[in-house]
Structure formats: C-alpha cells, structure tokens
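Visitor: Pasting the sequence and the predicted coordinates here, then a few questions.
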Amino acid sequence: MGLVWATAGVVFQIAGWLPSNDRLRREAPFIIAILFLVHPCQTQAVSYISQRFESMATVFYLGSIYSYLRGRISPSKGHKVLLYICSTGFALLGIFTKEVAATIPLMILAAELIFFKGNRRKILVILMVGGTIFFLLFLKLVRTDLNIFFHLQPFLSQSHDGDMITVKNYLLTQMRVFLTFMRLLILPVHQNLDYDYPLSSGLFSPPLTFLGALLISAAFFLIFKLRNRSPIISFGLAWILITFSINLAPRANVIFEHKLYLISFGFFLILVNALFIIVRQRPLLLKLLVILVTALSILSFLRNQVWKNEITLWEDVANKSPYKARSYNGLGAAWDEKGGLTQALSNYNKAIAIDPGYANAYNGLGNIYNRQHDFDQALSNYNKAIAINPENIDIYINRGICYAQHGDLIHALSDYDRAIAINPSYAKAYSNRGRIYLIQKKFTQAILDYNKAIDLDPAVAAVYLDRGVAYYNQGNFSQAMMDFNKAVTLKPDDHFTRIISELTQAKDMGQSTHKVRPYINLGSAYYQQGDFIQALSNYNKAIEINPGCADAYYGRGNVYSQLGDLPQALSNYNKAIEIDPGYTDAYYNRGNAYAKQGDFAQALSNYDRAIEIKPRSPQIYNSIGNAYTKQGNFDQALSNYNKAIEIDPGYADAYYNRGIFWGQHGHLKQAVTDFTKAIAINPKDGDYYYNRGFAYHQLKNYNMAEKDVNKAKELEEH
C-alpha cells in the first residue's frame, strides 16, 4: 500500500495536478492506495499462496517506476544517480519474480513521453538502448523464446476443455480477457479462481472479441489524445495497456484474476483523477468515496469468505464453471485432503465424466483406492492416468507407493526410476526409492538415494531417520546418531527422541530384547504416520532378531489389518498369543479382525478372553456391545455399553454407540441425550453431530438438526 501511495503521489506531483499546497493533491494518492487495498480483485493475488509472486512483482515494479520518477525530478545529481540505481535494482529483482518486469523500460518510456516536455533526445536514446539491453537480459534469464509467437505448435488450453491454442486464437481471446478485466475492475462480481473461458475463433466469434479490440484501440487513441490535457488519465491508460501486454505471450491458462493486481494501479489513477475532476463539491465527493470504499470492502470480505478453505473455494469454482473437469478435480482433491473420501470420489468421477482424458482425476481416484487398500482399483486408475500423461512424475510416485504397499518392490523401483528419469531433481523420488532399497537391505544404495534427497530438500526429518536406520544396520553408529539427532532437530517429537535413545543404548548389546525394542518402536512410529511398509520392515527386523518377541508379531498383525490382509493379521495375532497367552491387546485386536470378517462369534470369544485378563477395559466392553448389535442380541449390546460407561463415564464412544442403539430402537430422546454427552466429552468428532442431527430431524426439531449438520460439515472441513 505504501508504494502505491508514494507512486501515485509522485505521478500527481509530476503532472502538476493542482498546486502543491492543495489538500486534494495530498489526499488523492492516499485514496488510490485505499482503493487498491480493498478492491476484491486483489483477493487472488494475496490469498493464492503460489501467486504471491504477483504481489511481490508489483512491489518491485512500483519500486522501479517510483525510483525513476523521483530521480527524474530530483534537483540533486547525487540523488538522481542513487535513485536511478535503485530503479534498475528493483527492475532486476522483478525479472526473477514475474515476466511482467520486462515491460518496466516501456513504462518508463511512456512516462517520459507523457509527463516530460522539451529536449529529451538524450534521455530517450538512453532509455531505448537500456530498455533493449534489459529486455534481452530478461529473455536470457527466464529462457523465453520469442519464436513462440511465430512457430507455436497448437497445445491444449487449460481454460476450456478440448480447446487447442494457436497464436491467432490466443491473441483474439486476449481481446475478450481485456474486456473481462475491465468489467471486474468496474463491477467486481462473479469472480472465479478458474474460469471456463472458450477461445475466440475470429474477430466476431464471439462478438465480445471485437468489442475488446475496440476498447483497446480506444485506449491507445486516448493515451495520445489526453497526454497534454489530462496526463494522469493518459498515463493510467498506458499503465493498463503496458502491464496487460505481457498476457499476449501464449500460455495454457488464458485468464487469471491475479494478473489484475498490477494492472489495477492504472485503473485507480484514472478513476480517482476522473472523480476529482467531475465531482466539484467536496462533501458530495467524500460521500461517494466513502460509499465506494465501503462497497468494495464488503465485496472483498465476501470474496475472502470463499477463500477461507479449499472446499469452499473449489465449490465456488464448480458452481461457476460446472462444465470444466478441473473444477471437480480441485473439489475432489480438497475433500480428499480433509478426509471426505465419498465426496472426493464423487467429484473425481464428475471430472472424468466431463473429460475422460483428465489424468489428474484418475490419479486422485488411485490415491483414494490405495488408502482404502483396494490395490486393484488403485493400480487400474494409476495406469489410466499414466497412459494419458506419461510424463507426470507424481503419478509414478503414487503408483510406486501402491506397488510397495502391495509388496511388489520391483515395480515400485521401476516407477521411482521413471520419476527420476523425468525429473532428476525431485527429492521425493529418491527418498522413496531409498526406502525400497532399505527394505531390500541394500543399505549402500539406500544411503546414496537418501544423500541425493537431502541435497535436494534438506528439511525432511523422515529422510534423516531412514538414512540413520540404514547407517545403523551397516554398523556405522556414529553416522546413524548424527542423522537421528538431525531428525529430532527438524521434528522435535518425543516418540522420535525415545527411539533414538533406545537405539543408542542398544547398539552395543547382543541379540536381546533390548535390541529388539528400538525396531518395535520404529515400527510403531511408522505405523502411526501411516507408513505401513516401513512399519512392516521394522517389525520384520525385530522378528528376525528375536523370533520369540510377541510385541513384534502383534505390531505386524496391526499393519496387516490396516492393509486389509486379515488372514495375515490373524496369523500374527495367533503367534503373539502363542508366545504370550496373557496378551490382552492381541486378543482384542484379533477380535476386531474377526469382526471385520463378519465372524462375530469368534470376535466375541476373543473379546471375552481379553476381558477376563483386563476386566476394567471400557474399550473392550464397547466392542462387545458392537458385536452383539451386529448379531441382533440387543439386550446384551445395551448391557455392555452400560458397563463401558460405568467403568469410564468419560468414554465418548460408548455414549455414541449407545445413542445409535437407542436411535435404531426408536428411543430418539435417549439417543439425543447420549449423543449430547458424547459431544460434551469430545466436541471435535463430526459423526457425533451428524447422528444427533439425524435424531433431531426425526423428532421434527429441524432447527437443531440443521445446526448439528452444519457443525459436522464444519468439523469435516477442518
């Protein structure tokens, strides 16, 4: 805001608009800065993290123009030189931020032609030469090839499914984009992160193309027509056209609102100058400005509400671009991130229905099916995605993870190799391949890959932990400890610290229980992180060291249960119980595995054995209640829920399950009471609110039902 204010101020000063002691000349630049600040079209450049480069480029751009103009009118030669150096420095910084910086010399030239009269030949020659050098430097640094304007091969548009971009239709489309930009600055409604914007096929197809071209032509005409009479308006128009001109370089996305961030400065120069000229009465002008700022602030607030999270943002996009695959893919990814897998699947499938060749949607489906341990469906979708886009490294990474979790390490390695071949600077590909080598006990190769991953991205704690494990297995304990300590520094987690302490203590011990314990804890750490392959690897190592370790079999059983391999899970729980017949948790989880298989008789048998050993466990009574419910033995189910609550009156799940029981039997008020108790204990579980809302709805208390459903959705989004 400060640079907007300062640059507007120097423009008004140079233009000689009103005497220097007139309040209006001091107030106008401030008003421009306020309008720039509150306009809703700025939302995307500020809220969209990856496009904050746009706001950074605007800082450098304004800094360069301000420094040049201030130097141009400075009476001190020393100040002139210093300010010109600053202007050049800002311009060079802009080169590394956004390509719009290439237009800075042109903007300075426009300022010279509009604001400064008299003999300017020397300055103009310097500007032309310097601008040419700057532009060539820009082309070199950002590796831009001007041949794209002359020998461009058609490529797929990301702004409208199925369109192919050529130089001709892209330039014609930009005529309409210019019109859209001006409409958004004047009437900022129907904003959209991802416009569905078909290409123009001719000057009158659609007719708005011609209207946009006419508007640009009119702006060019007015720049020259008004440069003596209204130089500020002339410069504002030049600012708009010059900063917009960079959009004429063909790109896959023909329109993005964040491009307006820099363009809007010229618009506000024109708007404020015009208002001050047209509205002569100060009180009326003040009222108009207050109304304008208030209206823009409200619209900006409403637009920022859309940006409050990924789901609300992409829902807005899907509503405004309902025939665009990327809209639903974005919404699917947002729901996927929040754990709403049903909604994610639905939206990915909508994206594919619109565009069966949309690789990212297949990739998203593959990720969901992989987490659900449906490996065949996951691989099928990854294969489709790769067939469509064989150069997308993320799909190879995801398919590699899927193969690894399925135990197919050869194909996993092949996918990571392919990802590295496509992009040798992708750290995740090396770290994932290193993990496969670690599982295969190829420790030297694993370390080489971890070294590369750390070189590329030195801030990932898990990579240091994995490399430490590789060094540890090689017997290189000093290097291992260095890596473990680095992992703890990056992620100061108590669990990591305890593992490292145990590894340090165990390194000099023999084949004892003490040496097994670190691997069990590493397995537990990876299990909690959802990295089941590494968890399995560590439990296997523990069993290799001590085949009589019940905890290792128990942990491995939990991994197999999560992977959906219930026979293997049961086999490991059986082994843990064989070694330790008093292992309560092994009986309990074996019961859970039988319950997943639908064998509730066996589940109850194991729960009963667990409760004999640990008779005060509310979790076991709660699970017994669930099993009896599935069997239809409702009296026993209720009795066990009551017992769980009697043992632990603060156990929310028991109230929740008893509430479901009451609801199924028509006792809706009792259901509401139990759901309310569960919510009081754990107010962060959306399922509690959903089910209470459903009970309220059946009781015809629609107001409370709506509140609970909305609360559940809010929790699901967060």
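Guide: Now that the structure is in, tell me what you want to look at. Numbering: from 1, shown residues only.
Visitor: If you count neighbours, what's buried in stretch 602-611?
Guide: Q602, A603, L604, S605, N606, Y607, R609, A610, I611 (16 or more other C-beta atoms under 10 Å). For glycine as for every other residue, the C-beta is placed from the backbone atoms N, C-alpha and C.
Visitor: And the fifth one, how far from N367?
Guide: Counting by C-beta to C-beta, to the nearest Å, the separation of N606 from N367 is 33 Å.
Visitor: Ok, V4 next?
Guide: 43 Å.
Visitor: now do L331
Guide: As judged by C-beta to C-beta, L331 and N367 stand 15 Å apart.
Visitor: cool, and D449?
Guide: D449 is 23 Å from N367, by C-beta to C-beta.
Visitor: right, and the helix or strand after the longest helix anywhere in the chain?
Guide: Longest among the helix segments of the chain by residue count, using DSSP state H, is helix 282-306. Once the chain leaves helix 282-306, the next helix or strand it forms, by DSSP states H and E, is helix 310-320.
Visitor: Show residues contacting that next one.
Guide: Outside helix 310-320, the residues that touch it by C-beta atoms under 8 Å, 6 or more residues apart in numbering are 190, 192-196, 305-307, 327-328, 330-331, 333-335, 337-338, 347, 717.
Visitor: how does this protein divide up, domain by domain?
Guide: The record assigns the chain these domain ranges, following automatic domain parsing: 2-306, 310-380, 616-718.
Visitor: thinking again about what came up before, export the buried residues of stretch 602-611 to TSV and tack on distance to S264, secondary structure and pLDDT?
Guide: TSV is the format used below for the buried residues of stretch 602-611 (distance: C-beta to C-beta, whole Å; DSSP: H, G, I helix; E, B strand; the rest coil; pLDDT from 0 to 100):
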residue	distance to S264	secondary structure	pLDDT
Q602	69	helix	94
A603	65	helix	92
L604	69	helix	93
S605	71	helix	94
N606	67	helix	94
Y607	66	helix	93
R609	71	helix	93
A610	67	helix	92
I611	69	helix	91
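Visitor: among the domains of the chain, which is nearest N538?
Guide: When the domains of the chain are compared by C-beta to C-beta, domain 310-380 sits nearest N538, at 19.9 Å.
Visitor: Next, the contact list for the nearest residue to Q405 once chain neighbours are set aside, please.
Guide: With C-beta to C-beta, 6 or more residues apart in numbering as the criterion, Q405 has its nearest non-adjacent residue at 5.7 Å, and that residue is I533. By C-beta under 8 Å, 6+ apart, I533 lies in contact with A404, Q405, R435, I439.
Visitor: List the buried residues of the strand or helix carrying I533.
Guide: Per DSSP H and E: I533 is located in helix 532-545. Under the neighbour-count criterion of 16+ other C-beta under 10 Å, helix 532-545 has 532-543, 545 buried.
Visitor: now the residues you listed as CSV including pLDDT and distance to G16?
Guide: Listed next are the buried residues of helix 532-545 as CSV, based on pLDDT from 0 to 100; distance: C-beta to C-beta, whole Å:
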residue, pLDDT, distance to G16
F532, 85, 73
I533, 84, 72
Q534, 81, 71
A535, 85, 74
L536, 88, 77
S537, 85, 76
N538, 85, 76
Y539, 89, 80
N540, 90, 82
K541, 85, 81
A542, 86, 83
I543, 91, 86
I545, 84, 86
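Visitor: mind listing the helices for the stretch 351-500 of the chain?
Guide: For the stretch 351-500 of the chain, the helices defined by DSSP state H, counting those that start in this stretch occupy 359-371, 375-388, 393-405, 409-422, 427-439, 443-456, 461-474, 477-490, 494-506.
Visitor: Among the ones you listed, which comes closest to R692?
Guide: Smallest distance to R692 across the helices of the stretch 351-500 of the chain (C-beta to C-beta): 27.9 Å, for helix 359-371.
Visitor: circling back to that earlier point, can you add pLDDT and neighbour count and give the contacts of I533 back as a markdown table?
Guide: Listed next are these as a markdown table, based on pLDDT from 0 to 100; neighbours: other C-beta atoms under 10 Å:
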| residue | pLDDT | neighbour count |
| --- | --- | --- |
| A404 | 88 | 23 |
| Q405 | 81 | 20 |
| R435 | 90 | 28 |
| I439 | 84 | 20 |
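Visitor: now, among these, which is nearest to H411?
Guide: Relative to H411, the closest of the contacts of I533 is A404; by C-beta to C-beta it sits at 8.8 Å.
Visitor: And the spatially closest residue to that closest one that is not a sequence neighbour, how far from G400?
Guide: Of all residues not flanking A404 in the chain, A412 sits nearest, at 4.1 Å (C-beta to C-beta, 6+ apart). Separation of A412 from G400 (C-beta to C-beta) stands at 4 Å.
Visitor: now do P206
Guide: Per C-beta to C-beta, P206 is found 46 Å from G400.
Visitor: Looking at those two, which one has more neighbours?
Guide: G400 (27 against 12; other C-beta atoms under 10 Å).
Visitor: Next up, the contacts around the more buried one.
Guide: By C-beta under 8 Å, 6+ apart, the residues touching G400 are H411, A412, L413, S414, D415, Y416, A419, N432.
Visitor: If we use 10 Å, what do you get?
Guide: Neighbouring residues of G400 by C-beta atoms under 10 Å, 6 or more residues apart in numbering: 382, 408-409, 411-419, 429, 432-433, 435-436.
Visitor: ok, now which ones touch the closest residue to it other than its chain neighbours?
Guide: Spatial nearest neighbour of G400, chain neighbours left out: D415 (3.5 Å); criterion: C-beta to C-beta, 6+ apart. Residues in contact with D415 (C-beta under 10 Å, 6+ apart) are 382, 386, 393, 395-404, 408, 429, 432-433, 436.
Visitor: and if you look at N381?
Guide: 348, 352, 359, 361-370, 374, 395, 398-399, 402.
Visitor: now stretch 675-685, how far from the centre of its chain.
Guide: Taking C-alpha atoms, centre = their mean, to the nearest Å, the mean C-alpha location of stretch 675-685 is offset from the chain mean by 30 Å.
Visitor: no, scratch that, I was asking about stretch 398-418
Guide: In terms of C-alpha atoms, centre = their mean, the centre of stretch 398-418 is set 25 Å apart from its chain centre.
Visitor: Tell me the buried residues in it?
Guide: By neighbour count on 16+ other C-beta under 10 Å, the buried set for stretch 398-418 is 398-406, 408-409, 412-413, 415-416, 418.
Visitor: hmm, back to that, include mean pLDDT and distance to K491 when you put the domains of the chain into JSON lines, please.
Guide: Output for the domains of the chain, formatted as JSON lines (pLDDT from 0 to 100; distance: least, C-beta to C-beta, whole Å):
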{"stretch": "domain 2-306", "mean pLDDT": "85", "distance to K491": "22"}
{"stretch": "domain 310-380", "mean pLDDT": "92", "distance to K491": "21"}
{"stretch": "domain 616-718", "mean pLDDT": "90", "distance to K491": "23"}
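Visitor: do you know which of those lies nearest S561?
Guide: Among the domains of the chain, the nearest to S561 by C-beta to C-beta is domain 310-380 (10.0 Å).
Visitor: so how far is N476 from the most centrally placed residue in the chain?
Guide: When C-alpha atoms, centre = their mean is applied to the chain, the residue found nearest the centroid is E310 (7.6 Å). Plainly put, E310 is 43 Å away from N476 if you go by C-beta to C-beta.
Visitor: again with L409
Guide: 24 Å.
Visitor: which of the buried residues of stretch 398-418 lies closest to K677?
Guide: Distance ranking of those against K677, using C-beta to C-beta, places Q405 first at 38.8 Å.
Visitor: If anything else comes up later, I'll come back, but that's it for now.
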